[in-house]
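Colleague: One predicted model, sequence on top.
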Amino acid sequence: MASPEAGGNDTQRRAYAEEQTGRDRLILSDAQDKLVNSEIYVIQTAATLRIAEDRRRYHETVLRLTVNSAVESLRLAYADDGRGEAHYDEDGNRLTF
């Protein structure tokens, strides 16, 4: 059954149907554009997150290497020098690592 807005004759109904179809296509096109934009945003956000994770891992590695190097330097600085001499702090406590 035809909608009353479509009009009484075939030409009017056909024009009304084409107008409605055009509106529907425009709505679908807009929805598709929004979906594509959302997908782009998700991809960009995922890439940004991966970059941040890579930076975090890099900084953790640099920190770990720095701490290990500092510990090794202290260990060597206060180790027994091979002549039976140990190193002591200001209070006379023997330093061991």
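Modeller: Thanks, I have the structure now. Numbering: from 1, shown residues only.
Colleague: shaky segments in the protein?
Modeller: 1-8, 78-88, 94-97 (pLDDT under 70).
Colleague: same thing but at 90, please
Modeller: For the chain, the stretches with pLDDT under 90 are 1-19, 71-97.
Colleague: Now do the strands in it.
Modeller: Using DSSP state E, the chain contains no strands.
Colleague: For the residue nearest the centre of it, give me its contacts.
Modeller: Centroid check for the chain by Cα atoms, centre = their mean gives residue 49 as the closest residue, at 1.1 Å. Neighbour list for residue 49: empty [criterion: Cβ atoms under 8 Å, 6 or more residues apart in numbering]. From N, CA and C alone the C-beta is placed, and that goes for glycine too.
Colleague: Tell me the spacing between it and residue 62.
Modeller: 21 Å (Cβ to Cβ, to the nearest Å).
Colleague: Report how many residues lie close to residue 12.
Modeller: Under the neighbour criterion other Cβ atoms under 10 Å, residue 12 is assigned a count of 13.
Colleague: for the one 5 residues further on, same thing?
Modeller: By the measure other Cβ under 10 Å, the count of residues near residue 17 is 13.
Colleague: likewise the one 5 residues further on?
Modeller: Counted by other Cβ under 10 Å, the residues lying close to residue 22 total 10.
Colleague: 548 is where my numbering starts, stick with that
Modeller: OK, 548 is where the count begins now, so the last one is residue 569.
Colleague: For residue 595, see how far away it is.
Modeller: Taking Cβ to Cβ, one finds residue 569 at 39 Å from residue 595.
Colleague: Residue 621 too?
Modeller: 39 Å.
Colleague: Equivalent analysis for residue 557, please.
Modeller: Taking Cβ to Cβ, one finds residue 557 at 57 Å from residue 595.
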